[in-house]
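> Need coordinates for the below:
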Amino acid sequence: MTLKNKLEYSNEFIVGIDSLDHDHKNIFSLMNQINDADVEQNNNVLSLVEQLVSYTKDHMQREEQMMKACGYPYLDNHKQVHELMMNRLLDHQQSCLNDFSKKTVGHLNHFLADWWQDHILSYDKSIQNWINDNEDLVTIANKLFEQENDKP
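Okay, the predicted model is just below:
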């Protein structure tokens with residue numbers, strides 16, 4: 001049985017920064033794979049959650065490096081929001097590991113759909129102009145991030 005917290009990626013979530021938009025699409029894809037997975041096959045769901053945790057961490061590090069490169073004045077606040085989200089995501093992951101059920105996966109899906117929608121529309125859209133105004137610095141920061149993390 002699948003759950004019903006699907007969140008479709010649409011134009012409203014585009015922040016106009018290719019690497020971040022690509023990351024967001026991949027995050028939505030992983031969220032929806034978790035949502036659509038057969039909860040009775042917990043190994044698949046737990047593997048998808050692990051992938052989502054790892055990808056989210058990488059995405060946030062990339063985003064923070066880009067904000068730092070362009071001198072975004074609210075970087076510390078944004079980093080705190082990321083840290084809180086990661087802590088909550090890890091708590092949800094641990095709940096799924098400790099008591100895997102339709103209920104725990106449902107709570108995770110609900111949290112993810114609410115958090116990502118709010119975060120992209122409220123926080124990530126606010127960095128768009130800063131990053132676009134400093135595109136050269138951000139491109140360099142993004143390339144360094146990819147080299148350091150062996151990301152294509």
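> In the helix or strand bottoming out on mean pLDDT in the chain, which residues are buried?
Least confident helix or strand, the chain: helix 135-148 with a mean of 76, by mean pLDDT, DSSP states H and E. Of the residues in helix 135-148, Val138, Ala141, Asn142, Phe145 count as buried by neighbour count, 16 or more other Cβ atoms under 10 Å. C-beta: built from backbone N, CA, C; applies to glycine.
> With distance to Ser101 added, can I get those in a markdown table?
Shown next, in a markdown table, are those (distance: Cβ to Cβ, whole Å):
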| residue | distance to Ser101 |
| --- | --- |
| Val138 | 42 |
| Ala141 | 42 |
| Asn142 | 40 |
| Phe145 | 37 |
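> which among those gets closest to Lys103?
Nearest to Lys103 among the buried residues of helix 135-148: Phe145, at 37.0 Å, using Cβ to Cβ.
> Burial check on the closest residue to Met85 other than its chain neighbours, number of neighbours?
Excluding its sequence neighbours, the residue lying closest to Met85 (Cβ to Cβ, 6 or more residues apart in numbering) is Trp115, at 5.9 Å. Trp115: 16 surrounding residues under other Cβ atoms under 10 Å.
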